[in-house]
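A.B. asks: sequence? don't have it. structure:
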């Protein structure tokens, strides 16, 4: 019955109540799934292929199975091959030699399929060979993106596929995550990249295992040929470094390099490799994002990297997280220009970084998490952030040795007129009540920070510390202090406000809950916090000010649905009590004027 409904949808291109996806499968995951067409033994696939071929709205095709008998294959493909609407094909299992061959024939005559994805199944040697044969049949000019992820694909198996891709120079994105790609596979891929004529590759993502300098050299030669490459992610175990990474320098120094996003994480990059990379960065002005997290740079390595980035005025993200293992002695030992703390960067390295961020820095995201930074290091970093107007995300998580003294050093940055910080991460840190007070005091007057990310349950903050945040968000000591409270913060917690005390959440989510502007929220806080407002300071304005006050209360009532609190009447009463002669005189004057007009009319009648 479900198969019949799917055929009906295909026939009439009726996709109003389902995604425009058909999945050829052996079994249905749940009853009523209108995406899975179950291929049973002996089923006639002719109508399915015919309606797929006629469809003009079907965009996604997924294969978990494929008929293997020649007669059924022909019945399916004779119509299927006419389709020109499918844009994405997902392969979720081994569909056999026949299936991959027929898909190759389909792609060869198709001009709409842009994406082909192989997801989460053990590909195996035979399947890899069939995939390689499919890619090697001919150039599929419309195919732009290929993903082969989580397929337990081994080195030699991937090498076959990489070699077959030599006839697909139109590929723009190649993602090869979470497989076991080693020396042979990387060399084969590098050779393919180098062989392409007029390549279109823009993005390359590959997870590697146990590669050496020769692999990196071959890959670098291939990347130089791909002059449109703007995004590269290369992560995994790298056995040696200096010679291979020096070849990467040639990639960045080539006149055609347009690299914008580079990720070299978990690559075992130390001082020698960092120095080799830095030589290339000096000639790469296009770089916007650099991720060197999970490496072993150390202060000397980072110093080399930062020196290489001196001309990278377009750099927006600098990610250097999870590279601890430095003693307090080591963290204080070096002092050179523009050093940071992600890859074992010491306090003096942070002093160098702060100098760089003061002089010229367009970095909007800085990740220094889990690097054993101390108070002294944070103080050095903070001193360079004071005049920075670009930094929006600062990640400092995992530094449990930072105390209130270090956090207090951020106050000048928070309160700077140029501060543009929107999110700060302080997860897995022993902030405590003193640290909470330091943060709260520093954020008074800040108008940019929206998210203070911390671990509520493990931060050591008690009721005393939370009271500091409550006062930050709504200081009820006076109307003026309420007005000057922080009305920008929306989150204090790790992912949401779920573990934050309810009274704090009330203020954090007030703007969203009431669907009001920040100006309106300030008014609500004032009225809710000060039920008896003193109007005496406004008496010099006389009764001219009274309509404004009444309007103010009417607006707040419409926002929060206040009942007859009497606050507005109390305000009117204060004016009447404070200026009785003015009010009475006004009434008498109006009455006398009316009597005068009446006498004038009577005289006119008598005349």
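C.D. replies: On my side now, so go ahead. This one's a predicted model, so the numbers in the text were calculated from it and none came from an experiment.

A.B. asks: just the strands in the stretch 301-450 of the chain please.
C.D. replies: Counting by DSSP state E, counting those that start in this stretch, the stretch 301-450 of the chain has these strands, from start to end: 317-319, 365-367, 393-395, 423-426.

A.B. asks: Can you lay out these as TSV showing mean pLDDT and distance to residue 436?
C.D. replies: Every C-beta, even on glycine, is put in place using the N, C-alpha and C of the backbone. TSV is the format used below for the strands of the stretch 301-450 of the chain (pLDDT from 0 to 100; distance: least, CB to CB, whole Å):
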stretch	mean pLDDT	distance to residue 436
strand 317-319	92	27
strand 365-367	90	23
strand 393-395	95	18
strand 423-426	98	10
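
A.B. asks: do you know which of these lies nearest residue 148?
C.D. replies: strand 317-319 (25.3 Å; CB to CB).

A.B. asks: ok, the closest one: who's next to it in the sheet?
C.D. replies: Sheet pairing for strand 317-319, assigned by DSSP bridges, gives strand 289-291 (parallel), strand 365-367 (parallel).

A.B. asks: can you redo those strands as TSV with mean neighbour count and distance to residue 306?
C.D. replies: Shown next, in TSV, are these (neighbours: other CB atoms under 10 Å; distance: least, CB to CB, whole Å):
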stretch	mean neighbour count	distance to residue 306
strand 289-291	21	10
strand 365-367	20	12
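
A.B. asks: Please produce CSV containing those, extended by distance to residue 416.
C.D. replies: Converted to CSV, the strands paired with strand 317-319 look like this (distance: least, CB to CB, whole Å):
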stretch, distance to residue 416
strand 289-291, 25
strand 365-367, 16
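
A.B. asks: if we can go back for a sec, turn the strands of the stretch 301-450 of the chain into CSV, columns for distance to residue 34.
C.D. replies: What follows is those, written out as CSV (distance: least, CB to CB, whole Å):
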stretch, distance to residue 34
strand 317-319, 42
strand 365-367, 42
strand 393-395, 41
strand 423-426, 41
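
A.B. asks: For residue 128, which of those strands is the nearest?
C.D. replies: Among the strands of the stretch 301-450 of the chain, the nearest to residue 128 by CB to CB is strand 317-319 (33.3 Å).

A.B. asks: and the closest one, how far from the chain's centre?
C.D. replies: With CA atoms, centre = their mean, to the nearest Å as the basis, strand 317-319 stands 13 Å off its chain's centre.

A.B. asks: So what touches it?
C.D. replies: Outside of strand 317-319, the residues within contact range by CB atoms under 8 Å, 6 or more residues apart in numbering are 263, 288-293, 340, 342, 363-367.

A.B. asks: now do 6 Å
C.D. replies: Residues from elsewhere that reach strand 317-319 (CB atoms under 6 Å, 6 or more residues apart in numbering): 289-291, 293, 363, 365-367.

A.B. asks: cool, and stretch 162-174?
C.D. replies: Applying CB under 6 Å, 6+ apart, the external contacts of stretch 162-174 come out as 132, 135-136, 139, 141, 144-146, 185, 188-189, 192, 195-196, 199-204.

A.B. asks: picking that back up, tell me which of the strands of the stretch 301-450 of the chain sits nearest to residue 301.
C.D. replies: Taking these one by one with CB to CB, strand 317-319 is closest: 14.0 Å.

A.B. asks: So the residue nearest to residue 148 when sequence neighbours are not counted, which state does it fall into?
C.D. replies: Spatial nearest neighbour of residue 148, chain neighbours left out: residue 118 (4.6 Å); criterion: CB to CB, 6 or more residues apart in numbering. Recorded secondary structure, residue 118: strand (DSSP: H, G, I helix; E, B strand; the rest coil).

A.B. asks: Report pLDDT for residue 118.
C.D. replies: We have a pLDDT of 97 for residue 118.

A.B. asks: repeat for residue 31
C.D. replies: 65.

A.B. asks: next one: residue 594
C.D. replies: 50.

A.B. asks: The residue nearest to residue 148 bridge partners, please.
C.D. replies: What pairs with residue 118, by the bridge criterion (DSSP bridges), is residue 91, residue 148.

A.B. asks: Can you give me every residue that contacts it?
C.D. replies: The contact partners of residue 118, by CB under 6 Å, 6+ apart, come to 91, 148, 151.

A.B. asks: Now, the contacts of stretch 162-174 that are in helices?
C.D. replies: Mapping the contacts of stretch 162-174 onto helices (DSSP state H) picks out 132, 135-136, 185, 188-189, 192, 195.

A.B. asks: What is the nearest of those residues to residue 526?
C.D. replies: Nearest to residue 526 among the ones in helices among the contacts of stretch 162-174, counting by CB to CB, is residue 189 at 63.8 Å.

A.B. asks: Verify the contact between residue 66 and residue 100 for me.
C.D. replies: No - counting by CB atoms under 6 Å, residue 66 stays clear of residue 100, with 8.5 Å between them.

A.B. asks: Look at residue 406 and say how many residues are nearby.
C.D. replies: Counted with other CB atoms under 10 Å, residues neighbouring residue 406 total 23.

A.B. asks: is it true that it touches residue 374?
C.D. replies: No - counting by CB under 6 Å, residue 406 stays clear of residue 374, with 7.1 Å between them.

A.B. asks: quick one: low-confidence parts of the stretch 451-600 of the chain?
C.D. replies: Applying pLDDT under 70 to the stretch 451-600 of the chain flags residues 533, 535-536, 538-539, 541-546, 549-550, 552-553, 555-600.

A.B. asks: can we see that at 50?
C.D. replies: Applying pLDDT under 50 to the stretch 451-600 of the chain flags the ranges 564, 587-589, 599.
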